[in-house]
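could you work out the structure for the sequence below:
(chains A, B, C and D)
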Protein chains: 2
Amino acid sequence: MAQNNKKRDFKEKIKAIQDTMFVLGGKWKLPIILSIYSGNKRFNDIAGSIPGITNRVLSKELKHLEQNLLISRTVINDYPVRIEYAITDYCLTTEEVAAPLEKWGKNHRKKLQEKV
Amino acid sequence: MAQNNKKRDFKEKIKAIQDTMFVLGGKWKLPIILSIYSGNKRFNDIAGSIPGITNRVLSKELKHLEQNLLISRTVINDYPVRIEYAITDYCLTTEEVAAPLEKWGKNHRKKLQEKV
DNA sequence: GATACTTGTATCCTAAAGGATACTTAATTC
DNA sequence: GAATTAAGTATCCTTTAGGATACAAGTATC
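Predicted coordinates:
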């Protein structure tokens, strides 16, 4: 019985972690968030601020982030139609994840160097 | 100048995060760590505790984790040769990453439900 | 009515992660 | 010497992530 609870907890832990990875993982999602956060609002500005990203990928990722309530997309109806992307308040909570990931990554690099 | 520093910080932040993702990301690494942590020491035990994983993938992931100092691999020379995997002390620091990921994932699910 | 601008989409392709399944090696017991 | 057991490896295949490049829709200006 206690064993079953343990197993269930284990699975839920993993699932929650994988959910986060799905929403924030991959090569581009956090870079895009940071780019918008640092002032870029327009599609082409964001694209220009992130070396190597393509239109297709940026477009897909922006949709994914919008669906997950992390960014907002506002249409501005003058010529030519502009779109403004912005970070949502909720998106600021990703810092709780990004900061530990960053810290651990930096420390891990040191750790691997000691190894040699 | 200040702008250049900002850009450099941005890039290093992203790189550190991607390093962590490389070491701990993917479908299986954290599940494997948690499995060993919860008492499984042997290849077949670990394999049996994680539904869906295959020999090939488990083997690759164990090597990856060992190279990154997160688990140890001990050969025991009786019949038939046994191998014992164990979590390293260093591996315990992954909790600093796993816990926030888990917490955020659980909260995010709630958030998405509110949306509807 | 040709041109330019912005935000994308369409099409096709490559690379990486992961999966299925059979097999190997080495010692030991029967 | 056939069978068993543990820890993988070998081979081949599928799926997913990401990349390259061209171009489309709508509107305003010239």
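
C-alpha from now on. contacts and neighbour counts both.
Noted.

what about stretch A:11-23, distance to the chain center?
Stretch A:11-23 sits 14 Å away from the centroid of its parent chain (Cα atoms, centre = their mean, to the nearest Å).

quick one: mean pLDDT over that stretch.
Mean per-residue pLDDT for stretch A:11-23: 92.

next, the buried residues of that stretch.
By 16 or more other Cα atoms under 10 Å in any protein chain shown, the buried positions in stretch A:11-23 come out as A:13-21, A:23.

and stretch A:55-73, by the same measure?
Residues of stretch A:55-73 classed as buried: A:58, A:61-62, A:64-66, A:68-73 (neighbour count, 16+ other Cα under 10 Å).

which two among those are spaced furthest apart?
A:Leu58 and A:Leu69 (16.4 Å; Cα to Cα).

so A:Thr88 makes contact with A:Ser72?
Yes: between A:Thr88 and A:Ser72 there is a contact under Cα atoms under 8 Å: 6.3 Å.

now do the longest helix along chain A: which elements does it pack against?
Counting residues, the longest helix in chain A under DSSP state H turns out to be helix A:2-24. Here helix A:2-24 touches helix B:29-37, helix B:95-115, going by 3 or more Cα pairs under 8 Å, 6 or more residues apart in numbering or on different chains; DSSP states H and E.

want to throw these into a markdown table with distance to chain A?
Converted to a markdown table, those look like this (distance: least, Cα to the nearest Cα, whole Å):
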| stretch | distance to chain A |
| --- | --- |
| helix B:29-37 | 6 |
| helix B:95-115 | 5 |
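
flag every residue of chain A that's near DNA strand D.
Contact residues, chain A versus DNA strand D (Cα under 7 Å from any atom of the strand): A:26-28, A:52-57, A:78-81.
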